[in-house]
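Trainee: Just need the structure, nothing else, for what follows:
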Amino acid sequence: MSDRIRIRVIIRGAVQGVGFRPFVFRLATRLGLTGYVVNSMEGVIIEAEGTKHRLDDFLICIRTERPPKASIQSCEYSLLDPAGFSNFEIRESVGRGKGRALVLPDIATCADCLAEVFDPANRRYLYPFTNCTNCGPRFTIIERLPYDRANTTMRVFTMCEDCRSEYDDPADRRFHAQPNACPQCGPHVEAWLANGQTVASGTEAIRFVTETLKRGQIVAVKGIGGFQLMVDAMNEAAVLRLRRLKHREQKPFALMAPFVRVVQTLCLLDPLEERVLTATEAPIVLLTRRKDAALAASIAPSNPYLGVMLPYSPLHHILLRETGGPVVATSGNQADEPIAIDEQDACRRLGAIADVFLVHDRRIQRHADDSIVRIILGREQVLRRARGYAPLPVFVNRRAGVTLAVGGHLKNTVALAMDSNVFISQHIGDLETHEANTSFTRVIDDLQTLYGTVPEVIGCDMHPDYRSSIHAVSMASRRAIPLFRAQHHWAHLLACMAENNIDAPALGVVWDGTGFGVDGTVWGGEFLLAMDIGFRRAAHFRYFPLPGGDAAIKRPRQTMLGVLYELLGSQAFTDEDPQLVRQMLDKRIRSPKTSSVGRLFDAVACLVGLSNQVSFEGQAAMALEFAADRSVTESYPYGIRPGMPLVVDWEPIIRGVMGDLGMRVPTETIAAKFHNTLVEIIVAVAERIGQRRIVLTGGCFQNRYLTERAVQRLVQQGFACYWNQRVPPNDGGIALGQIIAADLAFQQEHSCVLQFQAK
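Mentor: Take a look at the predicted model:
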């Protein structure tokens, strides 16, 4: 057998939890190879023995025939002397070494499992925890690598003889499916009252919950990544009660519908949107609502869009088929708190909201909210990155060691970079409460534990009072490792450039609500020129005072008064305006200067009468976007002051808005002209700077009207345009940018603050 050789293969990527080892086993057996395959902390390790011709075929087929959800980042192999293997086998996993394997997100129920769940002749009929190697929980049940049942929260459930037979059969699609279970041996559901009293079990629990929903009551459902609060989406009284008890006055609720055909009765649905809606990630998709949609009016007040998802676990499928219609499915939490994942904690925190709890005994290792996606310019754009997406990495070119980035204060995510992989955490949320901060630190610890590493470098925001930055400073001090502070908008720009795989130079149009600037002001209307050595602030919007600082985020009238005070002085006020706001502006107390386009949106929305006070960030800007008449092509005048940096003067815009108001021009026209003007400003500044690659990022570019018009105009003028897709344009993406900024600073041996060039 001198013609036989042995190869050792190390495959890195998303290769655990997707049926990769069974695939390798079947492939090797088909080709007559001997050896073994094993999960390790690094990925999948294969030793295969056979002829050179068969081994060459083996390596080719690994890439071309891999399982649908597998992703191979690298496939390294070396030649070895034959070992005399007698067969090919799957060996017990190796739990040593660095955690370089990729943890897969949770995967929506596949068609095969769904067919079994609704087949009365199948032993898994109506079983809420049916799964196989092609679907089911992953990220939310794994405790550590490698991905084996013993390292998941399923380890407490001993497989019955039938399930074990499937698990051990290479020809079965449940071969080494780690969450494999059935009604005889797996998790089960119960219906509880808020005091923890069990009122029903199994299928009867689901029927009990269904009847509860039909009676207009509120149900807390323990899903894959945490609890959801559900009510009948057509019952206005029930939806209003949920709003009152959850303290969520106007922010839209997400919907879950049982079938695509139900979604089509509620929303306009094009083929690309349907593809995303039915994808294995199963996110909430923002869709244009039909005017005749039979829904409670208070689900998404004054909003032309609905956030809709399909069931993504057998439990959801069974529940939604029982209800027959759409339900509100919103995060199981109080305002500014993380989603509940434990039934006892849920009863404590949600007991004053939910009438009934549908719980189960499969422990959730870590939370994962529902992701939010929209289609923009024919591409998928992730607005909240969580279940279905996290923690898949972004691949980047970097040189620093293991780096942790702690993100911002709002829409927080954190990131851990190892080699060229940046693992972005699931959505954590706003760090406004003790519970949110506890979740934030837990996720940081969890990422390090999961990948078996500790950071050698830490990146954070420049804002000294962000809780994330305070934590980073403390952590860097305790561990005596370098800390790099990345300017907020620079991090936004780097994140968008990284996911689009473009290098400097590029001109970033970075617009959002707020970000600490290197000059001590509040930035938010920035044009940053990315260079090899850092960035230059090429242009920005003219400053105006923001009375009350961060408090003005929910008080657009205060923002409007700051803008008008900059133009008119004391004439900006009426007798109805708070004296305190006037005093803050007159005395320049708690009135930081800002260049924020996000706050300018708020000011104009208030000026035209759309919003004086809001209950969630971005509400006023959304109202202005939704009001805009897309058929309007006119815009307002604006100014660009020469200098370094250029200064965009918004005064002609505001005076134009005030003039139109005096002429009783419709609000829809004013809103459109304001948007069109911002687009023309982007084009004009880009022309003056002369850089042909334009990157649009920051929270303002969640605005579909603004983004689509800007891209269209820029392309018309010959620019190459880039925007966020898989990484959110809002602050949910800046942890990635902080990783890149820290890497650049690490290479240059000085901080990102010093990378800023005034001229």
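Trainee: Would you pull up how far the longest helix anywhere in the chain lies from the middle of the chain?
Mentor: Among the segments of the chain that qualify as a helix by DSSP state H, the longest is helix 667-689. Computed by Cα atoms, centre = their mean, to the nearest Å, the chain-centroid distance of helix 667-689 equals 28 Å.
Trainee: same thing with stretch 51-65?
Mentor: The gap between the average C-alpha position of stretch 51-65 and the chain average comes to 37 Å, counting by Cα atoms, centre = their mean.
Trainee: May I see the buried residues of that stretch?
Mentor: Under the neighbour-count criterion of 16 or more other Cβ atoms under 10 Å, stretch 51-65 has 54-55, 57-58, 61-62 buried. Glycine gets a C-beta too; all of them are placed from N, C-alpha and C.
Trainee: with the residues you listed in mind, which one is nearest to residue 383?
Mentor: If you rank the buried residues of stretch 51-65 by distance to residue 383 using Cβ to Cβ, residue 62 comes first, at 35.3 Å.
Trainee: separation between that closest one and residue 338?
Mentor: With the distance defined as Cβ to Cβ, to the nearest Å, residue 62 ends up 40 Å from residue 338.
Trainee: repeat for residue 720
Mentor: Computed with Cβ to Cβ, the distance linking residue 720 and residue 338 is 39 Å.
Trainee: Looking at these two, which is more packed in?
Mentor: Set side by side, residue 720 and residue 338 show more neighbours around residue 338, with 25 against 13, by other Cβ atoms under 10 Å.
Trainee: Looks to me like that one is in a strand.
Mentor: No. Counting by DSSP: H, G, I helix; E, B strand; the rest coil, residue 338 is not part of a strand but coil.
Trainee: give the contact list for residue 412.
Mentor: For residue 412, the set of contacting residues under the criterion of Cβ atoms under 8 Å, 6 or more residues apart in numbering consists of 406, 427-431, 436, 440, 468, 731-732.
Trainee: And for residue 489?
Mentor: With contact set as Cβ under 8 Å, 6+ apart, residue 489 has these partners: 508, 510, 512, 515, 523-524, 526, 528, 698.
Trainee: List only those of those residues flagged as buried.
Mentor: Under a neighbour-count criterion of 16+ other Cβ under 10 Å, the subset of the contacts of residue 489 counted as buried comprises 508, 510, 512, 515, 523-524, 526, 528, 698.
Trainee: ok, residue 192 - how many residues close by?
Mentor: Burial of residue 192 is recorded as 21 neighbouring residues (other Cβ under 10 Å).
Trainee: what does the one 10 residues further on give?
Mentor: Using other Cβ under 10 Å, residue 202 has 15 neighbouring residues.
Trainee: try residue 550
Mentor: Using other Cβ under 10 Å as the criterion, residue 550 is surrounded by 14 other residues.
Trainee: Validate this expectation: it resides in a helix.
Mentor: Yes. Inclusion of residue 550 in a helix is indicated when three-state DSSP is applied.
Trainee: looking at it, it is touching residue 514, isn't it?
Mentor: Yes. Using Cβ atoms under 8 Å, residue 550 and residue 514 qualify as a contacting pair, with a distance of 7.1 Å.
Trainee: Tell me how far the closest residue to residue 429 other than its chain neighbours lies from residue 67.
Mentor: Once its chain neighbours are removed from consideration, residue 429 has its nearest residue in residue 436; the separation is 5.7 Å (Cβ to Cβ, 6 or more residues apart in numbering). The span separating residue 436 from residue 67 equals 37 Å under the rule Cβ to Cβ.
Trainee: rewinding a little: now tabulate the contacts of residue 489 in JSON lines and tack on pLDDT and distance to residue 207.
Mentor: JSON lines is the format used below for the contacts of residue 489 (pLDDT from 0 to 100; distance: Cβ to Cβ, whole Å):
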{"residue": "508", "pLDDT": "98", "distance to residue 207": "54"}
{"residue": "510", "pLDDT": "98", "distance to residue 207": "52"}
{"residue": "512", "pLDDT": "96", "distance to residue 207": "47"}
{"residue": "515", "pLDDT": "95", "distance to residue 207": "51"}
{"residue": "523", "pLDDT": "97", "distance to residue 207": "55"}
{"residue": "524", "pLDDT": "97", "distance to residue 207": "51"}
{"residue": "526", "pLDDT": "98", "distance to residue 207": "55"}
{"residue": "528", "pLDDT": "98", "distance to residue 207": "57"}
{"residue": "698", "pLDDT": "98", "distance to residue 207": "48"}
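Trainee: Can you add distance to residue 208 and secondary structure and give these back as TSV?
Mentor: Compiled in TSV, these are given as follows (distance: Cβ to Cβ, whole Å; DSSP: H, G, I helix; E, B strand; the rest coil):
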residue	distance to residue 208	secondary structure
508	54	strand
510	51	strand
512	46	strand
515	49	strand
523	53	strand
524	50	strand
526	54	strand
528	56	strand
698	47	coil
